[in-house]
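Student: Based on what follows, work out the 3D shape:
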Amino acid sequence: MSNFAETYAALSPRFVADGVLELLFDAPNLNAVTAEMHADLGRVWRDIEYASDVRSVVIRGANGTFSAGGSFDIIERAIEDPATRTRLYRETRDIVVSMIECSKPIVSGIRGTAVGAGLVVGLLSDISVVSRTARLVDGHTRLGIAAGDHSVISWPLLCGMAKAKYLLLMCDPVTGEEAERIGLVSLSIEDEEVDARALEIATRLGQGAQDAIRFTKQSLNYWYRANSAAFDFSTMAEMFGLGGPDIREGLASLREKRPPRFTPDSSGGQSG
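Tutor: Presented below is the predicted three-dimensional model:
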């Protein structure tokens, strides 16, 4: 058996069925993604690709919620330290690219809150099973940085450009039920059924014709690969924003649970 438990302890990996590896968000503050989790998510998919005992993956959150996104500690370090921003760019790129390149099917079970870095993994999964009452929000523009990582490469394909622009620019939350209606997720069901259904789907995929399933996934993912330039630009723009003036106010407003008060001319002429 592959030694995922020791190598990726922050993701609590374990085999939950024959050939089905579970990854779990389990951390304080609604399973906020820690620095260790973020690094692990950038590396684990390549090991999964080459692990002969893994045929499918299911990822979910502990304690009835998925993930509230990157921890405030990560954001604070990135604001102050250019080297941290460089590392985050590399890890973010690794998460997105390696999930797209991983030929094995990935299923997410999303309950409660799914934001930011957690939402990346949830929506880049090949099949997303979401509670009707789940709350999904990209979160970037509310924080004062460009919507980067997965959103530009995937949201226009999933729910169309008009909806993607509305949700990403306005940073409005969307329920699991509405997310299924617009095509942002695969399936929306009752909250108490999510974990079991996600595991059922991952198990069925793990028992299916592996070459057929994996080649079909890889073929479909060329739609993502075709948008790799937009993904690279958006993620660099996100990292650029972590060194800008708006991120400090965005983070402060979240800590203080109030609306942000961004300075209108803080773009430095970007609108021109």
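
Student: Spatially, what comes nearest to the residue nearest the centre of the chain if we skip its sequence neighbours?
Tutor: What sits nearest the mean C-alpha location of the chain, by Cα atoms, centre = their mean, is residue 120, with 1.3 Å. Counting by Cβ to Cβ, 6 or more residues apart in numbering, residue 150 is the residue found nearest to residue 120 once chain neighbours are left out, at 4.4 Å. Glycine gets a C-beta too; all of them are placed from N, C-alpha and C.

Student: Output the below-cut-off pLDDT ranges for the chain.
Tutor: Low-confidence segments of the chain, defined by pLDDT under 70: 1, 265-272.

Student: hmm, back to that, which residues does the residue nearest to the centre of the chain contact?
Tutor: 92, 95-96, 149-150 (Cβ atoms under 8 Å, 6 or more residues apart in numbering).

Student: which of those residues lies closest to residue 249?
Tutor: Closest approach between the contacts of residue 120 and residue 249, by Cβ to Cβ: residue 149, at 21.3 Å.

Student: List the residues that contact the closest one.
Tutor: If a contact means Cβ under 8 Å, 6+ apart, then residue 149 has 92, 95-96, 117, 120, 234-235, 238 as its contacts.

Student: which of those residues lies closest to residue 185?
Tutor: Using Cβ to Cβ, these come closest to residue 185 at residue 120, 13.6 Å.

Student: Following the chain onward from the host helix or strand of residue 87, which element is next?
Tutor: Per DSSP states H and E: residue 87 is located in helix 82-101. For helix 82-101, the following helix or strand on the C-terminal side (DSSP H and E) is strand 106-110.

Student: Look up how far residue 249 lies from the closest residue to residue 39 other than its chain neighbours.
Tutor: Leaving out its chain neighbours, the residue that sits closest to residue 39 by Cβ to Cβ, 6+ apart is residue 91, at 5.8 Å. Remark: distance between residue 91 and residue 249 (Cβ to Cβ, to the nearest Å) = 25 Å.

Student: One more: residue 148?
Tutor: 19 Å.

Student: Tell me which of the two has more neighbours.
Tutor: residue 148 (28 against 16; other Cβ atoms under 10 Å).

Student: Now do the same for the more buried one: helix, strand or coil?
Tutor: coil (DSSP: H, G, I helix; E, B strand; the rest coil).

Student: And for residue 235?
Tutor: helix.

Student: where along the stretch 51-200 of the chain do the helices fall?
Tutor: 72-80, 82-101, 116-124, 140-143, 151-159, 161-170, 176-182, 194-206 (DSSP state H, counting those that start in this stretch).

Student: correct me, but residue 146 touches residue 234?
Tutor: Yes. Counting by Cβ atoms under 8 Å, residue 146 touches residue 234, with 6.2 Å between them.

Student: so residue 134 touches residue 112, yeah?
Tutor: Yes. Contact criterion Cβ under 8 Å: residue 134 and residue 112 qualify, at 6.2 Å.

Student: Find residues that contact each of these two.
Tutor: By Cβ under 8 Å, 6+ apart, the residues touching both residue 134 and residue 112 are residue 66.

Student: of those two, who's got more company?
Tutor: With neighbours defined as other Cβ under 10 Å, residue 134 and residue 112 compare such that residue 134 has more, 27 against 20.
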